[in-house]
Every structure is written in C-alpha cells, then in structure tokens.
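What follows is a predicted protein model with its sequence.
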Amino acid sequence: MALTTVLPLDAMETNLSPTVTSALKDKVFHADIQITSVDEGRSNGDGSSQQQQRLIEQNSQKLEDVADQERAAEMQTWWDEAIARNMDLPDGYSRAAVILIKWADELDELNTRSEAEELEAVFRDRFHFYTETVELNLSSKPQHQLNRYLTAFVETHDGPNTLLIVYYTGHGVFREDHKHLELTASLTPASKKGFSKDARANWSKAEEILRSEDVEGDVLTILDTCYSSNVAKSGKEDTRTFELLSACSIDGTTAAPGNNSFTRALIDALYELSKEYVDRSFTTFHLNQRILLDPRRHDTPSQLWFRLQNNERHIRLAPLKPEKDHGAKMFAPPRGYLNLRFALRDEYLNREQIEFLTRNLAKAFNNKALVGLRRIDWLGMKPARSTHFGRAALAMVAVAQWKKFLNKKQEERLSQRTVDDVNLPADMSVESTSSSPMRKRARDDLDVLPDPKREYLVIPQPPSPPVSHSSYVEAEFDTASEDT
C-alpha cells in the first residue's frame, strides 16, 4: 500500500536545522510513504519492564543473602558468648598482634603515614593489641623485606587462640599476566628520579607465609589498595580462620587517603563498634557491614572474603583482656578435632535455643579432664538437602501417623457406645429399645459411621514425624590428652 501526502514546511521545521529552514521557507514537500509490513513486536516498554523485573529479583536475592549472612554471624556470636559463659572458657583471643605495612615516606606517593598512625592507635589504645609499623624502602629488595617482616611477625606472635592482623596501605596493581597483586609505591615510577621503579613487591607470594599450614592462629588481612579483592582465592583448611577485608571489589579501585578513604571508614567503624559493644566481641561481618553503611563508601563497597574454603567462621574482635585474667584458662595446643553434626528441626536457632544447647553441652563435658577439652567452635549451620524421595518419605510417615490417630479415635468411640449398651436399665428389653426412635438412631450410628475426614476436620494437624531434616549444626570440639 502506497500513501502520498503533502506536508507543509511548518510541520517539518523541528527536523531541519535553522539554516535549511530559512532557505526552504514557503516550500511544499511531496512525500511518497510506502508501508511494506506491520510487525507486532515487543515495545521498548515491555523490554524495560522485564529488565526491571530481573533487577528486582536480583536485588531481592542479594537482600536474602545478606540477611542469611547476618543471621549466621549473629548465631556465631551467641554461641561463642554462651560457650564461654557455660563452660568457663576464655571469651575471645588470649593474644592479638597487628603489623601495619606502608612505604617509606620518600617513596610513598599517597602519603599514607597519618592514617596508618591513627589506625595503629585505635588497635593499640582501644583494643590493647600489640602493634608495630614497618616501612618498605630500597635498602634491599622490597620483596625480601616484606617476606622477612611477615616471617618474623608470625614467628613472634603465632600460637593457639591467637589473632594475627596484617594491614597494608598504598598503591596496588593486579598483574593479569602472572595473576598476582603487586604492591607499589608509585603508579608512575618512570617519571620519578632514582630507583622508584624498583619499589614494588608481590603480595600474593608474601601472603603464602600467612596461609602456611604451620600457622596456628587466626589471620585477618586488611588491604587498603586497588584490586585488593583480585587475590580472593581460597585454600583448604578447617582448623583455623583466615579472612580478607578488602577496600574494593574485584577489578575495583579505591579512594586515596582522606575523608573518603577506606582506612578512614575503618577507623571510624572500629571506634564506634568498640564503644557500642564495650568489652563484648563483634565479628568481622559486623565490621564490614558498618563500613558498607558509611555514606562515603557507597560508591566503593568493601568486601569480606573467606580465604579458607572449609571454614566460614568469622573472626571476632574485642578489647584484649590482661594476660593475668586468662591464667589457667589459656589453652595448650590441641592435638585433635572431633567434628559432630546435629540434625535439627529448625533451619535457624534463636538465642534461647543456643543457650539451652550450650548449657547442656557444658554438663556433658563437665569432666573436661577426661577428654582434654580445649574449646568448642561454631562452624556454621547449613540447611538440609531436601530430595523428592525424602519429602515423599516424610509425607508417608505423616499420613501413617494420621491414620493411626483416626483409628484410635474410632476405636474409643465404638468402645464407649458398647459400654452404654451394657449399662441400659433392666426394664428395657431389646425389642423395646429396638422399636424406640432414639435407640434406632443409635443403632444406625453404629452401622454407618460418619466419614472420618469430615468428622475430624477440625483437628489442627497431624503430629510431626519423629525425625526432622530441616537443618544441620556443625560443631568442632578441640580435644587433647592431659599429659601436658
């Protein structure tokens, strides 16, 4: 179908530049418009609506994941506090040490000294942790210096029930060709005089010292540098906790020292949480959550990573108590771990349930000398894996119990009516009773019982099956012989 139409110039002015319209004023245009087909495709509005729906679903899933993580962290806190209280075990670490790593001032392009010193003061004065600051320079290879500092730090402070914190501030570059994070003093070393181009070190290589199986204590690394999440690959170990608190996401960058920096938000969060919890502990999850809520960090959210695959237990932070308060409670190194898994009815435990469980565990392990109990760690709570066969089996058990319940009620009803027949008055014969309308109604009731599904419809629900598979709680018991 072809359509011919005449359009006045005024109707076309919006589509022409001002220069053209002045030259073609008072002209009439003849246009030949041919419609070849009509497509009933989706409008942009429909596509946009579907995209918005996907975004809503993704955001909902993220919110659910965050809620699950928050609930898990809360249950771990309740467990640790209850275990310490009910089993007379140390609450928190017996020792904690922090090493802060930065570049020497003459190499440091970011001028990180001020924030590093303030962070060290928070760990030292508010948490009573041992702290030391080391500076990488060019007196020797920075890689050798970094390896030496970390080795000496672990050798001096590592031990059971110990927390090791390693903090770095400065530039970072991810080397895609070798898949490692490189710490560097400057992003433009070629423009600097001297040997600034040599001011770099491989963090991924140095971190192996902290990930070694010989390390007993829990480790928290805090990296305030760009691309710090690119090293978040996990090892396999479940006897200790190793976490990474990163200033940015994978392939992300972060702000330089100043009001919007990650270290500034970290200092403020540690200060606020220490005042809020007083002498109680909070987890690294709570710390990262507080940083994420900081409006200055909304554009660059920090990340918390588990560096050991088989351990999802968060590190707990609290002011360190004087060593004399630990006394005989300080642990000797454990020589074995007993892992137990409890099948529970509920998917999550509340504080009252955890208190009940830990109190009874304390009774069970009252004679700790017999098994040499060191501590009981919360390793997490996982939902049970549900299968079609399992659901069908539970349904069959429930139906069987329900039928048993109905049969029992029916037998009780028949038995009661038999007793009523035996207790009839002596002057009432069988013939008279059978001719009585009231008796006839009773006999009919015996012959034709009402439909059980209708008669017992008001019963709330069948009893729960004897064994439930809603969730599993995993606990780890540290045990050792008492010959030490």
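Received it, and whenever you're ready, just let me know what you need.

Go through this protein and flag its longest strand.
When the chain is parsed with DSSP state E, its longest strand is strand 373-383.

What's the local residue count around the nearest residue to residue 202 once chain neighbours are set aside?
Among residues not flanking residue 202 along the chain, residue 180 sits closest, at 5.3 Å (Cβ to Cβ, 6 or more residues apart in numbering). To be clear about C-beta, it is placed using only N, CA and C from the backbone, and glycine gets the same treatment. Residues near residue 180, counting by other Cβ atoms under 10 Å, number 16.

so residue 349, which of the three states?
Recorded secondary structure, residue 349: coil (DSSP: H, G, I helix; E, B strand; the rest coil).

what's the answer for residue 182, then?
Of the three states, residue 182 takes strand according to three-state DSSP.

That one touches residue 175, doesn't it?
Yes. The criterion here is Cβ atoms under 8 Å, and residue 182 meets it with residue 175 at 5.4 Å.

between those two, which one's more packed in?
A side-by-side neighbour count of residue 182 and residue 175, using other Cβ under 10 Å, places residue 182 first with 18 against 14.

element containing the nearest residue to that one once chain neighbours are set aside, please.
Distances taken as Cβ to Cβ, 6+ apart place residue 173 nearest to residue 182, at 4.9 Å, with adjacent residues excluded. Element membership for residue 173 (DSSP states H and E) is strand 171-175.

How about residues contacting stretch 166-177?
Contacts to stretch 166-177, defined as Cβ atoms under 8 Å, 6 or more residues apart in numbering, come from residues 98-103, 108-110, 112, 115-116, 119, 150, 153, 180-187, 203, 210, 219-228, 230, 251, 257, 263.

can you check stretch 118-136 too?
Residues contacting stretch 118-136 (Cβ under 8 Å, 6+ apart): 95-105, 107, 116-117, 142, 145-146, 149, 153, 157, 163, 165, 167, 183, 185, 199, 201, 263, 266-267, 270-271, 274, 317-320.

In strands, which of those appear?
Within the contacts of stretch 118-136, residues falling in strands by DSSP E are 95-103, 163, 165, 167, 183, 201, 317.

What's the local residue count around residue 382?
By other Cβ under 10 Å, neighbour count at residue 382 equals 14.

who does it bridge with?
residue 472 (DSSP bridges).

any idea how far the closest residue to residue 318 other than its chain neighbours is from residue 376?
Spatial nearest neighbour of residue 318, excluding adjacent residues (Cβ to Cβ, 6+ apart): residue 281 at 3.6 Å. Relative to residue 376, residue 281 is positioned 16 Å away (Cβ to Cβ, to the nearest Å).

What residues of the longest strand of the chain count as buried?
Buried positions in strand 373-383, judged by neighbour count with 16 or more other Cβ atoms under 10 Å: 373-381.

Please indicate which of the contacts of stretch 166-177 are buried?
With neighbours counted using 16+ other Cβ under 10 Å, the contacts of stretch 166-177 contain these buried positions: 98-103, 108-110, 112, 115-116, 119, 150, 153, 180-186, 203, 210, 219-228, 230, 257, 263.
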